[in-house]
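Below are the sequence and a predicted model; questions follow.
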Amino acid sequence: MALRRAARVATLLLCSVAAAERSVSIGFAGRTDVVPDGYAPLLAEIQAAGEAVGLQLHFVDLEDESASIYMGHGMGANGGASKAQEVAAARKGDGLILLAGFLERRWRPSLVACAKTWEKQPSVRCPKGFCPGGYLQDGVHDCRSEEAIPTPSYPVPSLSVGGEMDGVVRVSRMAEAWYTQQAVPQHVVKLVPGMSHSDLVVGDALPATLAALDLPSTCGGLAARSAVAQLVVSFVAKKVAEGSYEADFFKPFVQMFVEEEGSWWWTSNSDENGSSGWAARAQERLLDPLPEDVTYGTAADEFHLLSDEELIPPYYRTRHRPKLTVTSGGMHLSSSTVTQLRYVEISVLQAAAGLNGWAVIKEEKAGVLADHKLHLVDDGLGFVSAREIATKLASREMAWKVCGKASSPELDDGDRCKKINEDAYRRALNVSSADARQRFLSAQRPLKMMADRKPTPPAGPWWIWNYLDFKDTGRDVEITSWYAFYPLSGPAYGAGNHYCKLLSPARALEWIYIDSLRPQPHGAKLSLVV
């Protein structure tokens, strides 16, 4: 009966398809860690929906030469969607269908070009000073791109179908696919409300390790498979189109990843290009409240590697420091901060406190894309957002001085970074949908900001390579920021600065929509840092 109901719905949606039957062979690959019978109900649902509109859909092996359309489920080493896009690109078929899948970042030319710059590695000789990892000429890993959004170039029309409640291929990665493919109409991303990763298979076909990571479905397998069947048939009939649902659903993700974080994957930004809107406004938050007669003006930010002293690798470049400017006789204050997004983690020992240039550049966009020991696996399971937004801010003491006010180091007392991170958390909550916010509050897995922590020794390298700390207590996740404050009376290198490790509003959003909802709590190193 369920198949008949799905067929009737498909008939209404696809009434414009020609009545004459058309036979189409679909090369299908499920997850290799799912028994083939686990997909039987899904494939039967798709065939029934096809028959209702005059399409005879036959499923064959992915490598079968009779296939004209290729379809797969799941991403990564065991994922059929990852394999299907490889085969479809090689064979130039009529179409590609990715279930709980997306076009991988390797299909974006600008990211491929960025990764290629990694071939230029540091020299083993230094012009001056001590650098065990060598150095590079400035700009050799420049990953600037003329396109504002890194758009894919894939030879076959594609349909990517994601689930709102998929904990294995997270909805934030589907949001990235939707955003970066908007300018290419042949690549469509659709989202099924309430669908989990497990909904497309039956019984206990999904391995227990993956099932434990998945989120509770809010629509059920029958409804999810029916919705997917209609989307697949629509695509085969060349009737599928972008809708307003995805644009509305993904709006908070665009706000947090593009406008606030300045993501390397959603934009053309890189370690030396672009900015973070959140880091720019963090300066105003740090200085609040200003003296009563001083107003705040513009807030800007620039991405740069944090390691930047003139006599150390990897580039021997001049220093990048935050700036404050005043107008109207010191009554109007504007700022420019310096930020690095951190997607991978290396230790202060590996970085040799900043002297090992080869280790430092692993944090560059080129290094993250190309270094196989540290690179992010693009399978949708791990976080899309940055691990932290490390930002160099001007101190309150400095602000009072440039405004002509009496200043002292005590102006920077208190947990200034903590307050900014609390704002990031509130920002993510405020933009979340009502449904997502309610699910999150019901899960009772909040984020809790802890007192700021000073590194030991309290010097630049130990601030740079100590990362925002996440501790999962089982009741909540405690987040601790490392800070570095240098009074005006301190060494010239850092005088007048107040540095913070900031929580990305995008990571807070991912926690709200996805990771806080997992059935079983996971340790911080798995839940918020992976």
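Ah, there it is. Numbering: from 1, shown residues only.

What strands line up against the lengthiest strand in the chain, and which way round?
Of all the segments of type strand in the chain, defined by DSSP state E, the longest one is strand 332-342. Looking at strand 332-342 with DSSP bridges, its partner strands are strand 295-303 (parallel), strand 323-327 (antiparallel), strand 388-394 (antiparallel).

Tabulate these in TSV, adding columns for mean neighbour count and mean pLDDT.
Backbone N, C-alpha and C define where each C-beta goes, glycine included. TSV is the format used below for the strands paired with strand 332-342 (neighbours: other CB atoms under 10 Å; pLDDT from 0 to 100):
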stretch	mean neighbour count	mean pLDDT
strand 295-303	17	95
strand 323-327	15	94
strand 388-394	27	98
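
list the helices and strands the strand or helix carrying residue 400 packs on?
For residue 400, the host element (DSSP states H and E) is helix 396-402. In this structure, helix 396-402 makes packing contacts with helix 277-287, strand 323-327, judged by 3 or more CB pairs under 8 Å, 6 or more residues apart in numbering; DSSP states H and E.

Which residue ranges make up the domains of this protein?
Domains of the chain are assigned by automatic domain parsing as 2-109+146-249, 261-342+383-527.

follow-up on the earlier one: flag every buried residue along the longest strand of the chain.
333-342 (16 or more other CB atoms under 10 Å).

Tabulate the domains of the chain in a markdown table, adding columns for distance to residue 132.
Converted to a markdown table, these look like this (distance: least, CB to CB, whole Å):
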| stretch | distance to residue 132 |
| --- | --- |
| domain 2-109+146-249 | 32 |
| domain 261-342+383-527 | 9 |
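
Pick out the shakiest of the ones you listed, pLDDT-wise.
Sorting the domains of the chain by mean pLDDT places domain 2-109+146-249 lowest, at a mean of 90.

Tell me the pLDDT of residue 530.
41.

Spatially nearest residue to the residue nearest in space to the middle of the chain (excluding sequence neighbours)?
Nearest to the mean C-alpha position of the chain, by CA atoms, centre = their mean, lies residue 384 at 2.1 Å. Counting by CB to CB, 6 or more residues apart in numbering, residue 384 lies nearest to residue 172, which is 4.5 Å off, once chain neighbours are set aside.

quick revisit: want to throw the buried residues of strand 332-342 into a markdown table with distance to residue 222?
Formatted as a markdown table, the buried residues of strand 332-342 follow (distance: CB to CB, whole Å):
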| residue | distance to residue 222 |
| --- | --- |
| 333 | 59 |
| 334 | 57 |
| 335 | 55 |
| 336 | 55 |
| 337 | 51 |
| 338 | 53 |
| 339 | 47 |
| 340 | 47 |
| 341 | 42 |
| 342 | 43 |
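
And the helices and strands packed on helix 396-402: which comes nearest residue 223?
helix 277-287 (37.3 Å; CB to CB).

For the nearest residue to residue 234 once chain neighbours are set aside, which residues are in contact?
What sits nearest to residue 234 in space, not counting adjacent residues and going by CB to CB, 6+ apart, is residue 240, at 4.0 Å. Contacts were defined as CB atoms under 8 Å, 6 or more residues apart in numbering; by that measure residue 240 touches 159, 188, 190, 231, 234.

what's the answer for residue 96, then?
Per CB under 8 Å, 6+ apart, neighbours of residue 96: 69-71, 84-85, 88, 154, 156-159.

Next: residue 32.
78, 80.

For the stretch 351-500 of the chain, just list every one of the helices.
Under the criterion DSSP state H, counting those that start in this stretch, the stretch 351-500 of the chain contains helices at 357-360, 365-370, 396-402, 416-431, 434-443, 460-464.

Surely residue 191 is within a strand?
Yes: read with DSSP: H, G, I helix; E, B strand; the rest coil, residue 191 is one of the residues of a strand.

how much space between the residue nearest to residue 234 and residue 227?
Distance, residue 240 to residue 227, by CB to CB, to the nearest Å: 12 Å.

helices and strands around the helix or strand harbouring residue 116, which ones?
Per DSSP H and E, residue 116 falls inside helix 109-116. With contacts taken as 3+ CB pairs under 8 Å, 6+ apart, helix 109-116 sits against helix 365-370.

And the helix it packs on, how far out from the chain middle?
15 Å (CA atoms, centre = their mean, to the nearest Å).
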